[in-house]
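**Student:** Sequence and computational prediction follow.
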Amino acid sequence: MLEELKEIICQYVDVDAEKITEDARFMEDLGFNSYDFMSLVGEVEEKYDIEVEEREVVQIKTVKDAMDYISSLM
């Protein structure tokens, strides 16, 4: 799942895929703004056929948080 997320992340921010680790924070480390992040969430919902709860989105800070959340919904 990490490799798939790296591909999606690189579509939204100009960051080297090698810098995308499980501990990378979306805003602070990868340079996401809130609009880009919400767009990413929408794409992840489509790719994995899941629905992300709005109140849960604020809890997703790192790539690992995202992977854990996606896994919990699958």
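**Tutor:** Perfect, thanks for sending it. Given the structure is predicted, the values throughout are model-derived calculations rather than measurements.
**Student:** From Asn33, how far off is the spatially closest residue to Val41 that is not a sequence neighbour?
**Tutor:** Using C-beta to C-beta, 6 or more residues apart in numbering and skipping residues adjacent in sequence, the residue nearest Val41 is Val52, 5.3 Å away. Where you see a C-beta, it was placed from the backbone N, CA and C, and this is true even at glycine. Look at Val52 and Asn33: by C-beta to C-beta, to the nearest Å, they are 18 Å apart.
**Student:** before we move on, the earlier item: count of neighbours near the residue nearest to Val41?
**Tutor:** For Val52, the number of neighbouring residues by other C-beta atoms under 10 Å comes to 18.
**Student:** Specify the local secondary structure of it.
**Tutor:** coil (DSSP: H, G, I helix; E, B strand; the rest coil).
**Student:** from now on call the first residue 759
**Tutor:** OK, 759 is where the count begins now, so the last one is Val810.
**Student:** so it makes contact with Glu801?
**Tutor:** No. Judged on C-beta atoms under 8 Å, Val810 makes no contact with Glu801 at a distance of 10.9 Å.
**Student:** Where in the chain is the helix or strand with the lowest mean pLDDT?
**Tutor:** Within the chain, no helix or strand scores below helix 812-815, which has a mean of 88 by mean pLDDT, DSSP states H and E.
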